[in-house]
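> What would the 3D arrangement of this be:
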Amino acid sequence: MRHHTLPVSPATVHWGYFSKAVAPALTLRSGDRATIETLTHHAGDDYERMIAGDPGAESIFRWTREHKAVARRGAGPTEGPFRRGSGEGIGVHLLTGPVAVEEAEPGDVLEVRILDVRPRPSRHASHAGRCFGSNAAASWGFHYHDLIEEPKPREVVTIFELDTSDEPCARAVYNYVWTPQTDPDGVVHPTIDYPGVPVDHRSVRRRENILRNVKVPARLHFGTMGLAPAEADFVSSIPPGYTGGNIDDWRIGKGARMYYPVAVAGGYFSVGDPHAAQGDSELGGTAIEASLTGEFEFVLHKRRALGGTPLEGLTHPLLETDQQWSVYGFTFPNYLAALGPNAQIEVAQHASLDKAMRDAFRKLRRFLMTVHRLSEDEAIALMSVAADFGVTQVVDANWGVHGSIRKSVFT
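I've put the predicted structure just below:
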């Protein structure tokens, strides 16, 4: 086993997409471990707390009229004309990687073990050693067109501080209503529509003493993690799919094992969208977006050895923890194949929890029948009395439902 370190830098991150066409930032073998740094793409919501003084973060978020450290931000084009910026925001998450795995081939399954997760502390002199994150009640949130107070509609950013003591939790520091922000290129952003726009705090009004006497249990996890799909060279990081991606399940944290079907040679694993806490559904648009560092172990399962194992025939992401197995249903199991050339734009128009639930049911039925050798009637009975289905997210275009079965039900 070798241990690798992958720090964040403009050379080791890609912004807003998964890709089979980008040169790997790291190549490793099955059984190797890696320490991988990740940054939240929402760090610009409070530059002082989450970027300033941090060489890695500053190098990536550096954006002046003369220089933009990471130009492509999304799966869109890099040449204009643009309304918002290169990539046009089709994909928003700041991902570290890709990590190529030697001998990984289509048909194999890559197991990614999350051994540890820790927050990235502020480097600013006034906040050194403390950890912060941002939550955006945004225009893509489920709530956005169902507000009851004025002004409406509105987007609200809440800054949280993470307490990493014996009972880790997050407490709100302040919030503000998003006002039009002018980026360093002179483009005005009336809404949160382009990743990495630095917020000018002279243009917003902070509201202090919010969420008083409230502490949010910390659930450190990675919202976006997976492999490169085969269907296109650049695939938006927003909709999750058959090789993983923006699943946004808080259970994908320390101790979890994720299994992904390999679609391209090398697998091309990327990870980011780090979260300090999130509830099922991620209703308002984001979690507490906070930079994290993870310790990972990679195990490649070759197709020829999958027969008779829980991974036989796996065509979708699968979660294993000490307590349970979880499958992930989406509106479209593979939206790229189902919707054709304009899939990355059109998928949001079809978001449906009904279809996601149907997909989760089918995947868990297959799992129970294949892995536990149940008949269809036995599997359906067990799902109805012992399986838990929940809304994973309703904000990522390809909406998600997870279906979980506890290991303890099998004697």
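
> drop to CA atoms for contacts and neighbour counts, all remaining ones
Fine.

> dump the residue contacts of the residue nearest to residue 11 when sequence neighbours are not counted.
Nearest residue to residue 11, sequence neighbours excluded (Cα to Cα, 6 or more residues apart in numbering): residue 25, at 7.3 Å. By Cα atoms under 8 Å, 6 or more residues apart in numbering, residue 25 lies in contact with 6, 11-13, 97-100.

> Most widely separated two among those residues?
11 and 100 (15.1 Å; Cα to Cα).

> Of these two, which one has the most company?
More neighbours surround residue 100 than the other of residue 11 and residue 100, with 22 against 16 (other Cα atoms under 10 Å).

> The nearest residue to residue 19 once chain neighbours are set aside - how many residues pack around it?
Excluding the flanking residues, the one nearest residue 19 by Cα to Cα, 6+ apart is residue 234, at 4.9 Å. Neighbour count of residue 234, defined by other Cα under 10 Å: 21.

> how close does the closest residue in space to residue 93 that isn't next to it in sequence sit to residue 269?
Computed as Cα to Cα, 6+ apart, the closest residue to residue 93 that is not its neighbour in sequence is residue 16, at 4.6 Å. For residue 16, the distance to residue 269 (Cα to Cα, to the nearest Å) stands at 14 Å.

> Same question for residue 122.
The spacing between residue 122 and residue 269, counted by Cα to Cα, is 27 Å.

> More neighbours: those two, which one.
residue 269 (29 against 21).

> I'd assumed residue 243 was in contact with the more buried one.
No. Using Cα atoms under 8 Å, residue 269 is not in contact with residue 243, being 9.5 Å away.

> any shared contact partners between those two?
Contacts common to residue 269 and residue 243, judged by Cα under 8 Å, 6+ apart, are 226-228.

> Among the residues you listed, which ones are in helices?
Among the shared contacts of residue 269 and residue 243, no residue falls in helices (DSSP state H).

> pLDDT added to those residues, as a markdown table?
Listed next are the shared contacts of residue 269 and residue 243 as a markdown table, based on pLDDT from 0 to 100:
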| residue | pLDDT |
| --- | --- |
| 226 | 98 |
| 227 | 98 |
| 228 | 98 |
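
> Tell me the one of those residues nearest residue 376?
residue 226 (30.1 Å).

> how deep is the closest one tucked in, by neighbour count?
Quick note: residue 226 (other Cα under 10 Å) scores 29 neighbours.

> OK, contacts around it?
243-245, 260, 269-271 are the contacts of residue 226 under Cα under 8 Å, 6+ apart.

> the strands in the stretch 151-300 of the chain, which residues?
Ranges of strands in the stretch 151-300 of the chain, per DSSP state E, counting those that start in this stretch, are 156-163, 169-177, 181-182, 188-189, 207-208, 216-217, 221-226, 234-236, 244-245, 257-261, 269-277, 288-289, 292-301.

> Can you get me a residue count around the residue nearest to residue 265 when sequence neighbours are not counted?
Sequence neighbours aside, residue 105 is the residue nearest to residue 265 in space, at 4.5 Å (criterion: Cα to Cα, 6+ apart). Using other Cα under 10 Å, residue 105 has 20 neighbouring residues.

> Right, I'll leave it there.
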